[in-house]
Structures are given as structure tokens and as C-alpha cells.
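Visitor: next input, structure requested:
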Amino acid sequence: MNKVTQREHVNNREFNRPFKIDDDKNSYSVFTFIKGVLISRHVKFEHFEMIPTRQGLDSKDSLGFVNSFIRDNTKIQSYFEYSEQRRNASRSGEPVVVLHFPYLKASTMEKTLEYCEREADKLILALGIIRGAKGSIFENIVVDKATNKATNFYRPTNYRGNLLAGDLTGETPSNIDRVFSALDKDAYLEFIARLYNETKAEPSQDFKCVRYWQILEMLATKKNYPKAALLDFDNTPLLDSGGKQRECSGSVNIVFQLLKDHGFGSKGKTYDDVCLWVALRDAVAHFGQVSDFMQLRNSSRRQSLSAAILTNGSLDQRKLDFCLNNLSRIVNLLIQKTIAEK
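Guide: Next up is the predicted model:
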């Protein structure tokens, strides 16, 4: 056995050793399927491997939907065949790579899946930098090694929009036409709308914290506010911790002024909300995630986040969800107000 072959044998033996996640009670292997990334080489990592498939997802289902709609809702006498050319084009446009975790030890199947998806998400980020592509997980297969039984975990694409419908939600022809026309005529508004929609679609809450604040700051900066005294909703002076009059300058203060101008908020609360939102942004911008906010130097922002998103000293996901939903709602309202001014 030559040195290269010997080394490969040792590497394979190490690769196939069990990796303990949280317990050695159960043994699993996992296949995680990722779409939207083209890889040509087989790559082995410490506990998993990346397998190129040289194949992709096709668009047969979408064409089937089109044919069904034409048949059921129009008088058009046409049926569009799913051609080989379309199949090849769609598959090359949605390439698939598979991650294989050969031997994992864990207490439950769910713990195993959580670990694999975390590793996959980190790899997707790395591939995004290297390949310039945005991949996403669409399927996981977890195999119980004791029984050889496979369980499928489908990761659906969740609808992130308003589930309500009708006039009360703005779904009127006149309103849709008004917004469409405004975006069509104004490149700045179109960019803001794209940024908002991309942020809404982004699954990472940390990403949302940065992007929503960016939109608020852009909208406020566009106003070119003069450097005047900053007043609360009842027009009383807003003072800093040292008792000094705040001025309408700096990102926090101009965002507050923008909210006040549009009547979004109330005395004594809205300024605190703005400070909370910028604290969320700062935690991510400086440390990579909201949960590391205690490293912030600004003690008032640490205290603000502690009160808003912690329960018994631990991050409360429901509270963080509430903060982000409120922030998203405010950003949406401000964009609509900005469009209405055009």
C-alpha cells in the first residue's frame, strides 16, 4: 500500500467514525438536499461530505399549473408539452448538491436534524461567498442506523405575506395601481421596496435586524432634517441622560423624527422603541447575532434589550419575534406613507 492510498484509508476510517451531538443513545445518518448551488467536486469535511449530483430540479409542476389554469379558466385550446429542452434548462437553472452525514450519535432524531441543518446553513453561507450563489435546503432524509428506517423532513417554502384578503388589506385595484405606478416612476422607491421584500423573505432574524434598520435610516436620511431641537409627541423637549436637549441629528434621532412626522407612535414610548431597534442592529453588526448583545458597550442599549427580549436571563424567542414583527410593520407603514407622498 503506497503512502497516498494509506492516507486515504486512514481518512476514510476517521470520516466514518461516529460523531456525538448530545448523546450516544441513537445512531443516525443524514442526507441534506440543497438547491441553488452548483458544485462539481466531491468534498469531505470532518463529519460530513458534499456530493455533487450534476442534476437539478425541473419545472414540470409549474408548467402543469399553467396548463391547468388555461384549461379551467380560459377558452384557449392549447396544451404546452414539457419538452426535453425545458427540462434541461430548468434543471441547469436549479442545481442540487447533497450533504451526507454518515454516522451521528444523538438523543433524538430532531436533535440530529437541528445539527445537520446548522452545519448545512453555515456551508451555504460559505458557498455563497465562493460561488456567488444563494442555496437553500429543501429536503432532509434521516436514517435510523439501527433499523435502517428513513424519515423524510420536507422544508416547505413558507408564505410570509398577509394571509388576509380584500379591500381592508389594501387589495383594491386603485391602491395596487397607485403603488405600482409610484415604484415604476421612482428608482429610489423601487430599491427601498426590493430591500424590504428581500428582508421579509430572509429567514435569518439577525439579518432582518440589520436590514430593517437600514431601511429606516435611509428613509429618514432622505428627509434632510435641519439640526433643530428634538421634541416628543406632545412637543416637550427630549433630553439625553445628562439632561441636555437632543437635536434632530444622528440616525436614532432622525428615525424618531420620521416616525413622529407620520404620527406613528406616542409620547415616552416611541423613542425607546427606536433605541431598541438600533440596539438589535448594533448587536448583529458588531457581534454577528442578537444573542450576544450583552457585549455592547452602550449600557442603556444593553438594558433596553434585556428588558425587551429576555426572560429569566435567557433569550425569549417569542419576545424577539414580537419586536421584529413590530419593526417590520413600522417599516412597511413608512414605505407606504413615502409612496403616498409621491
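Visitor: so for the strand ranked longest in the chain, mean pLDDT?
Guide: Identified as the longest strand of the chain according to DSSP state E is strand 95-106. For strand 95-106, the mean pLDDT works out to 92.
Visitor: what does stretch 204-221 give?
Guide: In the prediction, stretch 204-221 has an average pLDDT of 96.
Visitor: identify the residues contacting it?
Guide: The contact list for stretch 204-221 (CB atoms under 8 Å, 6 or more residues apart in numbering) reads 192, 195-196, 198-199, 202, 251, 254-255, 257-258, 277-278, 280-281, 283-285, 288-290, 320-321, 324, 327-328, 330-331, 334-335, 338. Heads up, the C-betas are built off the backbone N, CA and C, glycines and all.
Visitor: what does stretch 90-101 give?
Guide: Counting by CB under 8 Å, 6+ apart, residues outside stretch 90-101 touching it are 19, 28-39, 47-53, 55-59, 116, 119-120, 123, 135.
Visitor: that one: which residues count as buried?
Guide: 90-91, 94-99, 101 (16 or more other CB atoms under 10 Å).
Visitor: in TSV: those, plus distance to residue 238.
Guide: What follows is the buried residues of stretch 90-101, written out as TSV (distance: CB to CB, whole Å):
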residue	distance to residue 238
90	56
91	58
94	52
95	54
96	54
97	53
98	56
99	52
101	54
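Visitor: can you map out the strands along the stretch 101-250 of the chain?
Guide: In the stretch 101-250 of the chain, the strands defined using DSSP state E, counting those that start in this stretch lie at 136-144, 149-154.
Visitor: returning to what we had before: give me the angle between the longest strand of the chain and strand 136-144.
Guide: 40 degrees (axes from the mean of the first three to the mean of the last three CA atoms, to 10 degrees).
Visitor: name the spans of the stretch 51-200 of the chain whose pLDDT lies under the cut-off.
Guide: 156-172 (pLDDT under 70).
Visitor: domain assignment for this structure?
Guide: Domain ranges of the chain: 3-57+94-154, 167-340, per automatic domain parsing.
Visitor: can you give me the helices for the stretch 51-200 of the chain?
Guide: Remark: helices assigned in the stretch 51-200 of the chain by DSSP state H, counting those that start in this stretch are 60-73, 84-93, 109-131, 173-185, 187-201.
Visitor: need the winner for burial among these.
Guide: helix 109-131 (a mean of 16; mean count of other CB atoms under 10 Å).
Visitor: what does that helix rub up against?
Guide: 21-23, 26, 28, 30, 32, 34, 37-39, 47-48, 50, 99, 101, 104, 106, 133-137, 140, 142, 144, 151, 153.
Visitor: filter those residues down to the buried ones and hand me the PyMOL line.
Guide: To isolate in PyMOL the members of those that are buried, counting by 16+ other CB under 10 Å, one can use:
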select buried, resi 21+26+28+30+32+34+37+38+39+47+48+50+99+101+104+106+135+137+140+142+153
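Visitor: of the domains of the chain, which approaches residue 69 most closely?
Guide: For the domains of the chain, the distance to residue 69 is smallest for domain 167-340, at 20.0 Å, taking CB to CB.
Visitor: so what's the gap between that closest one and the chain middle?
Guide: From the chain centre to the centre of domain 167-340 is a distance of 17 Å (CA atoms, centre = their mean, to the nearest Å).
Visitor: do stretch 326-342 as well
Guide: So, by CA atoms, centre = their mean, the centroid of stretch 326-342 is 20 Å from its chain's centroid.
Visitor: rewinding a little: residue 72: which of the domains of the chain is closest?
Guide: domain 167-340 (22.6 Å).
Visitor: circling back: out of the buried residues of stretch 90-101, which comes closest to residue 68?
Guide: Nearest member of the buried residues of stretch 90-101 to residue 68, counting by CB to CB, is residue 90, at 18.1 Å.
Visitor: and that closest one, how far from residue 16?
Guide: 36 Å (CB to CB, to the nearest Å).
Visitor: how about residue 249?
Guide: In terms of CB to CB, residue 249 sits 61 Å off from residue 16.
Visitor: more neighbours, the two?
Guide: residue 249 (14 against 9; other CB atoms under 10 Å).
Visitor: wait, doesn't that one sit right on residue 226?
Guide: No - if you go by CB atoms under 8 Å, residue 249 and residue 226 don't touch, sitting 9.1 Å apart.
Visitor: and the angle for the longest strand of the chain with helix 109-131?
Guide: 140 degrees.
Visitor: please compute how far strand 95-106 lies from its chain's middle.
Guide: 23 Å.
Visitor: just checking: what are the partner strands of that strand?
Guide: Its sheet considered, strand 95-106 pairs with strand 19-20 (parallel), strand 26-35 (antiparallel), strand 49-56 (antiparallel) by DSSP bridges.
Visitor: tell me the most buried of those?
Guide: When those are compared using mean count of other CB under 10 Å, strand 26-35 is most buried, at a mean of 20.
Visitor: before we move on, back to that, could I get the helices of the stretch 51-200 of the chain as JSON lines with distance to residue 232?
Guide: Shown next, in JSON lines, are those (distance: least, CB to CB, whole Å):
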{"stretch": "helix 60-73", "distance to residue 232": "52"}
{"stretch": "helix 84-93", "distance to residue 232": "53"}
{"stretch": "helix 109-131", "distance to residue 232": "42"}
{"stretch": "helix 173-185", "distance to residue 232": "31"}
{"stretch": "helix 187-201", "distance to residue 232": "27"}
